[in-house]
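**Q** Sequence first, then the predicted structure, then my questions.
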Amino acid sequence: MNKSFKHSLAFLLALSILFGLTACAKNDKVIQEEQKINERVEIPDTTETEAPKEENKEDNEAKEESVEIDYQKVRPNELGHIMIIMYHGIVESNPPSPYQRTVEGLKEDLKYLYENGYRPISMRDYIDNNISVEAGCTPVILTFDDGISSSFSLIEENGELKPTPDSAVDIMNRFYEEHPDFGRHAVFYINGDNDPFAGAGTFKERVEYLINNGYEVSNHTYSHAHLSKLGAEEIQEQIGKVDQMIKEALPGYILDSFSYPFGERPKEELRHLIEKGSYNSKEYSYKIGLREGPSGPFVPINHIKFDPLNVPRVRGSRGEEGDLGWYLEYYEKHPEYRYISDGNPNRIAIPKSEEENVNKDSLGDKELYVYTIED
């Protein structure tokens with residue numbers, strides 16, 4: 001690559017980062033000059049893909065020449081909280097339970113997240129420790145359980161398959177069209193015995209639509225089973241059936257995040273069967289297991305308290321303690337606990353006060369950048 005082209009790439013990246021700072025770092029709810037970042041917060045325990053695109057050589061070289069941010073202004077904290085939001089069905093009005101959200105409610109959630117510096121990321125990037133939202137922004141993950149038609153289904157219109165109007169995917173697609181800098185990511189966890197995403201098209205056509213449009217699909221057991229009540233063979237059957245079902249529809253697709261039905265985990269001596277097992281002589285493996293609610297702090301994988309088989313989620317509802325509305329208000333009052341990005345996916349940037357909380361074995365080839373906050 002010639003020198004002038006490299007300089008051009010660096011200049012473009014600088015503009016991108018400056019835009020990210022304008023979009024996210026300007027929010028005084030996210031960045032406050034006098035915050036005390038060394039405070040700790042613990043969330044009480046409660047008992048009850050699209051494949052990444054391969055980067056070319058020029059992209060990698062541009063990242064190596066990345067422009068530095070003003071750390072005292074942005075104050076990144078890449079050990080802060082990343083919420084994983086749990087939705088189910090989408091209804092027109094008066095949801096019968098906190099597991100459902102109205103059409104207007106989901107639109108309000110997306111608008112709030114966008115305007116307050118949150119940016120959706122893929123589960124793939126979360127697991128791979130490849131978070132690349134703009135400097136000053138906070139990543140968030142949207143999940144939808146049960147394969148409900150109101151979260152995603154297709155209709156046929158003029159010979160073309162399209163998302164059902166006012167389904168979650170249709171709402172997210174339209175929001176993305178208006179706000180392309182918000183991104184378009186969500187994970188759909190399905191059961192296998194209920195015709196996932198019932199509507200037009202085959203199961204294969206439905207899941208292909210999802211992954212071809214930036215979404216992901218994964219495993220929620222075959223029959224929404226109570227895993228805490230099952231033995232080893234039954235657990236593997238419940239997981240293995242859906243694992244094979246998705247892989248047959250999407251050859252080569254990687255499945256490695258799992259959603260526990262009801263938030264229930266198997267008995268402790270059987271929990272290893274979430275990570276690895278087999279059914280019908282075919283093996284499966286999963287790296288993380290998602291709970292039903294805030295079973296612990298929403299820490300990222302580089303934190304010493306990250307528990308891969310006990311990953312908490314927050315219900316996508318408003319009005320109850322511990323749901324999405326409650327946490328959004330909490331982070332307005334305590335922005336120091338949010339994950340704040342430095343805009344560089346190759347660097348894990350943290351304030352000095354967080355250094356003792358880094359799991360250095362999880363960093364891989366990432367650079368750990370520790371800086372001191374100047375008061």
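**A** Structure received.

**Q** For the closest residue to D166 other than its chain neighbours, give me the pLDDT.
**A** Closest residue in space to D166, ignoring its immediate chain neighbours: V103 at 4.9 Å, by CB to CB, 6 or more residues apart in numbering. For every residue, glycine as well, the C-beta is placed using N, CA and C. If you check V103, the pLDDT there is 97.

**Q** now V103: how far from G89?
**A** Separation of V103 from G89 (CB to CB, to the nearest Å): 11 Å.

**Q** before we move on, back to that, relative to D170, how far out is the residue nearest to D166?
**A** 10 Å.

**Q** again with A135
**A** Applying CB to CB to A135 and D170 gives a distance of 31 Å.

**Q** Which one's more surrounded, the two?
**A** Between A135 and D170, counted using other CB atoms under 10 Å, A135 has the larger neighbour count: 27 against 18.

**Q** quick one: the nearest residue to the more buried one once chain neighbours are set aside from V133, how far?
**A** Nearest residue to A135, sequence neighbours excluded (CB to CB, 6+ apart): G343, at 3.2 Å. Here G343 is placed at a distance of 8 Å from V133 (CB to CB).

**Q** on that earlier part again, the residue nearest to A135 is in what secondary structure piece?
**A** Using DSSP states H and E, G343 sits within no helix or strand.

**Q** Check P297 and give its pLDDT.
**A** pLDDT, P297: 88.

**Q** can you check G319 too?
**A** Note for G319: predicted pLDDT of 79.

**Q** show me what contacts it?
**A** Under the criterion of CB atoms under 8 Å, 6 or more residues apart in numbering, the neighbours of G319 are P98, G325.

**Q** And S257, by the same measure?
**A** S257 neighbours (CB under 8 Å, 6+ apart): M123, I127, V187, S218, N219, Y286, K287, I288, G289, L290.

**Q** count of neighbours near P98?
**A** P98: 18 neighbours (other CB under 10 Å).

**Q** Now it: phi and psi?
**A** phi -70, psi 0 (degrees, to the nearest 10).

**Q** Secondary structure element for the nearest residue to it once chain neighbours are set aside, which one?
**A** In space, and not counting its chain neighbours, P98 is closest to S317: 3.9 Å by CB to CB, 6+ apart. Counting by DSSP H and E, no helix or strand carries S317.

**Q** Report all helices and strands that the helix or strand that contains L273 contacts.
**A** If you go by DSSP H and E, L273 is part of helix 272-275. Helices and strands touching helix 272-275, by 3 or more CB pairs under 8 Å, 6 or more residues apart in numbering; DSSP states H and E, are helix 232-249.

**Q** List the buried residues of the helix it packs on.
**A** Neighbour-count burial for helix 232-249, counted by 16 or more other CB atoms under 10 Å, picks out 235-246, 249.

**Q** Would you pull up how far that helix lies from the middle of the chain?
**A** Distance, stretch centre to chain centre, for helix 232-249: 23 Å (CA atoms, centre = their mean, to the nearest Å).

**Q** now for it, which elements pack on it?
**A** Checking 3+ CB pairs under 8 Å, 6+ apart, helix 232-249 ends up next to helix 203-212, strand 216-219, helix 272-275, strand 276-279, strand 282-285.

**Q** what's the spacing between the spatially closest residue to F144 that is not a sequence neighbour and R119?
**A** Closest residue to F144 apart from its sequence neighbours, by CB to CB, 6+ apart: S151 at 4.2 Å. Using CB to CB, S151 is found at 21 Å from R119.

**Q** per-residue pLDDT, the nearest residue to I190 once chain neighbours are set aside?
**A** In this structure, I190 finds its nearest non-sequential neighbour in G147, 3.6 Å apart by CB to CB, 6+ apart. G147 carries a pLDDT value of 97.

**Q** what's the burial count for G147?
**A** Neighbours of G147 (other CB under 10 Å): 26.

**Q** Is it correct that it is in contact with D193?
**A** No. Using CB atoms under 8 Å, G147 is not in contact with D193; the gap is 10.0 Å.

**Q** returning to that earlier point: do I have it right that the residue nearest to F144 meets V91?
**A** No. S151 is not in contact with V91 according to CB under 8 Å; the separation is 10.7 Å.

**Q** Show me which of these two is the more surrounded one.
**A** Between S151 and V91, counted using other CB under 10 Å, the more crowded position is S151 (27 against 17).

**Q** who touches the more buried one in this structure?
**A** Y87, H88, G89, I90, F144, S167, A168, V169, F188, F197.

**Q** Now do the helices for the stretch 51-200 of the chain: every range, in order, please.
**A** With DSSP state H, counting those that start in this stretch, the ranges of helices along the stretch 51-200 of the chain come out as 57-64, 71-74, 103-115, 123-127, 168-178.

**Q** which residues are in contact with the fourth one?
**A** So that's helix 123-127. In this structure, residues lying in contact with helix 123-127 by CB under 8 Å, 6+ apart are 49-52, 82, 130-132, 139, 141, 143, 185, 187, 216, 218, 254, 256-257, 287-288, 300-301.

**Q** again, 10 Å this time
**A** Identification of contacts with helix 123-127 by CB atoms under 10 Å, 6 or more residues apart in numbering yields 49-52, 82, 84, 130-133, 139, 141-143, 185-187, 189, 216, 218, 254, 256-257, 286-288, 290, 300-301, 308, 311, 345.

**Q** so of those residues, which ones are in strands?
**A** I84, P139, I141, L142, T143, V187, Y189, E216, S218, S257, I288, L290 (DSSP state E).
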